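> sequence unknown, structure follows:
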Ligand SMILES: Cc1ncc(C[n+]2csc(CCOP(=O)(O)OP(=O)(O)O)c2C)c(N)n1
Ligand SMILES: CC(=O)[C@@H](O)[C@H](O)COP(=O)(O)O
Ligand SMILES: [Mg+2]
């Protein structure tokens, strides 16, 4: 028996599912068995690769109960963010493909409409579920499909995002039927923060959850699931009264009925509540309490680590991460640089939008609690908040992933760039983020930042530059962005040139041509130049600045040697190569010598970062080949220019 067969035979219920319909016919014991199989699959997956774990363990029962009470082939289900989609994938007929999840060509780690009718939107960013659900409901009503139910499941971490309140504001007015399930596990990636979190804590401690629960269960037991609608309505009204008296006033005042909190690990209980809210008129919020990491003790005890743990195996009941190799990542160097800046200058503050763990900021939070601000999953607010701090003379650093910074575009424009305020943006995960895929690749930031007047945009090519760049940014009286990818930082045996705004660094001379590397691509550029040694003598420039670009470097690179190749881990449109070309045109240089290597104009799938880079022509080998081709082009061009051309 091969491995795959042995895994399959361990999960007979999951294996039997081609869609979620059979769940409706399963007994209580079978559903509990299905939950156990699902958890087993999740645990096995983590032995092979890093993946979202604790969030998925926490929603197993909720997912099963939902598929029992709705038919999401036609009803609408949106999992907010989408990182907790694994049980949903498993029960909707994707069990056999599940071992491929987050690998190139395999299942996505997020909802993907191309995989299944059960997935409606490809998502990975938090907070939009309620808005899309309100829109779906509105559309279904208008297009004559009022029988299709709509459900949004949103976590307590995502819930305080501004857009959720915009959606509830709208839903309360529209009064369309809609079920919002608030999955409250007391956690974002880190422990949740903010006043809404405190409010949810108060709701959890109300007697409806702690004391009266059994009475409510008894009441619900009396409600026939398919019985007399009048009787059901009466019970619903009682529910409404309870909710109004005992909690959820925030929602009730907005016109959204509040029900709960209820135990999110009790499938039967949830089915009853779901059956009830399904029939309620207008928007309803069902507050479900779950435990992040439920069913695997280490994950329940340390949900922060187990949000996206590295691959691990279990030894004597304890998870042991499989060893990782390579140099420390850019993120770590950035964190150390932040710490240093904060120690040296007490005007410096650090702002994160719920990514303390991903940005490795925990030691900063501990060392400087008064200057550390986790504002929750509220990126627009984070940037406007930084602008406010700036006006008072502080020097805030907004430490944020490239893809999530997109949420703050207007605040970068109006509150920061237009006011010319010295906010520093540390843009992490700027590049291909690997297995997270298209929702998380950070490949547009150069395009959306370099267009703003006043903005300086730079990118370190190697580890030692990170601290120097941050220091230069903090001492610059205008907005500055520093971008770096989710990757090991190259360690070069050289003392970096001092950082001068708008000045690049030549790392290697070469007569035949030049590779101008933007940020992280320096690694691949140097490897390419090295590999070409026998054929071509290629120089390498570390561009450092995307804006202002080093004009003299552009001129020199184009005028010496046969070709210039720019390389960047960013979309070609609007990126570094475009900036280089714009400058070359302005300088009236021979642009035929310039070749741009960058990401193509498509959404790039999930997969291993190196694998994706190579596919996009950005691996060392592909860059070397591009140099050879460019050198040949030059020869062809010269021949074409000769009279022989005229004979054709
Ligand atoms: C706009 C945006 N910002 C940040 C993130 C990163 N992120 C992904 S999941 C998550 C925590 C979400 O917490 P919650 O919604 O409560 O889900 P849980 O993991 O607790 O189930 C964060 C901060 C994101 N996906 N999207
Ligand atoms: C769902 C989500 O947005 C985060 O969990 C993200 O996947 C984290 O990415 P890193 O693993 O790169 O921190
Ligand atoms: Mg949560």
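Nice, thanks for sending it over. Since the model is a prediction, treat every value here as computed from it, not as a measurement. Ligands and ions are numbered 1, 2, ... in the order given.
> spell out which residues of the stretch 201-350 of the chain are next to ligand 2.
If contact is defined as CB under 6 Å from any ligand atom, the residues of the stretch 201-350 of the chain in contact with ligand 2 are 307, 308. Yep, even glycine has a C-beta here, placed from its N, CA and C like the rest.
> ligand 1 contacts on the stretch 201-350 of the chain?
When proximity is defined as CB under 6 Å from any ligand atom, the stretch 201-350 of the chain approaches ligand 1 at residue 292.
> would you map the strands across the stretch 201-350 of the chain?
Taking DSSP state E, counting those that start in this stretch as the criterion, the stretch 201-350 of the chain contains strands spanning 257-263, 283-289, 312-315, 318-321, 348-352.
> make JSON lines from the ones you listed and add mean neighbour count to it.
As requested, the strands of the stretch 201-350 of the chain are exported to JSON lines (neighbours: other CB atoms under 10 Å):
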{"stretch": "strand 257-263", "mean neighbour count": "23"}
{"stretch": "strand 283-289", "mean neighbour count": "26"}
{"stretch": "strand 312-315", "mean neighbour count": "13"}
{"stretch": "strand 318-321", "mean neighbour count": "13"}
{"stretch": "strand 348-352", "mean neighbour count": "23"}
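> any buried residues in stretch 473-487, and which?
Neighbour-count burial for stretch 473-487 flags 473, 474, 478, 479, 480, 481, 482, 483, 484, 485, 486, 487 (criterion: 16 or more other CB atoms under 10 Å).
> the residues you listed in helices, which ones?
Among the buried residues of stretch 473-487, DSSP state H puts 473, 474 in helices.
> between the buried residues of stretch 473-487, which sits nearest residue 68?
Residue 68 has its nearest neighbour among the buried residues of stretch 473-487 in residue 486, at 38.3 Å by CB to CB.
> that closest one: what's it in contact with?
Shown in contact with residue 486 (CB atoms under 8 Å, 6 or more residues apart in numbering): 329, 330, 331, 428, 429, 431, 433, 434, 609.
> pretty sure the second one contacts residue 487?
Right, residue 330. Yes. Under the criterion of CB atoms under 8 Å, residue 330 makes contact with residue 487 at 6.5 Å.
> overlap in contacts, the two.
Taking CB under 8 Å, 6+ apart as the contact rule, the neighbours common to residue 330 and residue 487 are residue 520.
> circling back: turn the strands of the stretch 201-350 of the chain into CSV, columns for mean pLDDT.
Putting these into CSV (pLDDT from 0 to 100) gives the following:
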stretch, mean pLDDT
strand 257-263, 92
strand 283-289, 96
strand 312-315, 78
strand 318-321, 76
strand 348-352, 98
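> can you redo those strands as a markdown table with distance to residue 142?
Output for these, formatted as a markdown table (distance: least, CB to CB, whole Å):
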| stretch | distance to residue 142 |
| --- | --- |
| strand 257-263 | 23 |
| strand 283-289 | 17 |
| strand 312-315 | 49 |
| strand 318-321 | 50 |
| strand 348-352 | 40 |
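> packing partners for the helix or strand harbouring residue 468?
Assigning secondary structure by DSSP states H and E places residue 468 in helix 463-474. Using 3 or more CB pairs under 8 Å, 6 or more residues apart in numbering; DSSP states H and E as the contact criterion, the neighbours of helix 463-474 among helices and strands are helix 330-344, strand 395-401, strand 424-428, strand 456-458, strand 480-483.
> closest to residue 95 out of these?
Using CB to CB and comparing the helices and strands packed on helix 463-474, the one that lies nearest residue 95 is strand 395-401, at 31.2 Å.
> near ligand 1 at all, the closest one?
No. Under the criterion of CB under 6 Å from any ligand atom, ligand 1 is not reached by strand 395-401; the shortest gap measures 7.0 Å.
> closest residue of the protein to ligand 3?
residue 155 (3.7 Å; CB to the ion).
> so the residue nearest to that residue when sequence neighbours are not counted bridges to which residues?
Counting by CB to CB, 6 or more residues apart in numbering, residue 183 is the residue found nearest to residue 155 once chain neighbours are left out, at 5.0 Å. Going by DSSP bridges, residue 183 is paired in beta bridges with residue 155, residue 288.
> nearest residue to the spatially most central residue of the chain other than its sequence neighbours?
The chain has residue 440 as the residue nearest its centroid, 4.4 Å off, counting by CA atoms, centre = their mean. Counting by CB to CB, 6+ apart, residue 440 lies nearest to residue 433, which is 4.4 Å off, once chain neighbours are set aside.
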